[in-house]
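S.K.: Okay, sequence plus prediction incoming.
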Amino acid sequence: MNQQKLPNATAVLVLGIVSIVSCCCYGVPGLITGIIAIMLYNKDIKLYQQNPSLYSDYNNLNTGRILAIIGIILSVLTIAYFIFCIAYFGMDALSDPELMQERMRELTGQ
């Protein structure tokens, strides 16, 4: 029997990789691409579960899902870090290096 590829397996894999790579861009692109990858995964896994012997690239689909989950977690941590920095140091200190150094000296007690 001729097996065919799942329609979104490659897209899920690519989006999972992009999610991990782009999590450092303030977290937002990584979060968006990770969520899209999970949504495409859910669509393809339903298709695969209906007839597993018909499709051949389940491993790519599963790897993409794992990468997307890792990318989402890293993106959420990055967003939380930036929210913490803004709340702790203030937005004005993030744009002014001298004020940031002054607040860092206050933090370390020097």
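M.R.: Looks like it arrived, so ask away. Residues are numbered from 1 along each chain as shown.
S.K.: which sections of the protein are below the confidence cut-off?
M.R.: Low-confidence segments of the chain (pLDDT under 70): 1.
S.K.: can I assume residue 48 is in contact with residue 59?
M.R.: No: using C-beta atoms under 8 Å, residue 48 makes no contact with residue 59, being 11.3 Å away. The way it works is simple: take the backbone N, C-alpha and C, and place the C-beta from them, glycine included.
S.K.: So if I had to pick from the two, which one is more boxed in?
M.R.: Neighbour totals were compared for residue 48 and residue 59, and residue 48 leads with 18 against 10 (other C-beta atoms under 10 Å).
S.K.: who's in contact with that one?
M.R.: Contacts for residue 48 (C-beta atoms under 8 Å, 6 or more residues apart in numbering) come out as 6, 55, 58, 61.
S.K.: any idea how far the third one lies from residue 98?
M.R.: By that I understand residue 58. With distances taken as C-beta to C-beta, to the nearest Å, residue 58 is found 55 Å from residue 98.
S.K.: With neighbour numbers in mind, choose between these two.
M.R.: Between residue 58 and residue 98, counted using other C-beta under 10 Å, the more crowded position is residue 58 (15 against 8).
S.K.: quick one: residue 87 from residue 19, how far?
M.R.: Counting by C-beta to C-beta, the separation of residue 87 from residue 19 is 26 Å.
S.K.: Please apply the same query to residue 58.
M.R.: Separation of residue 58 from residue 19 (C-beta to C-beta) stands at 20 Å.
S.K.: what about residue 18, how many neighbours?
M.R.: Residue 18 - counted by other C-beta under 10 Å - has 20 other residues nearby.
S.K.: for the residue nearest to the spatial centre of the chain, what are its contacts?
M.R.: Residue closest to the average C-alpha location in the chain (C-alpha atoms, centre = their mean): residue 71, at 2.7 Å. Neighbouring residues of residue 71 by C-beta under 8 Å, 6+ apart: 16, 18, 19, 20, 22, 23, 30, 31, 33, 34, 37.
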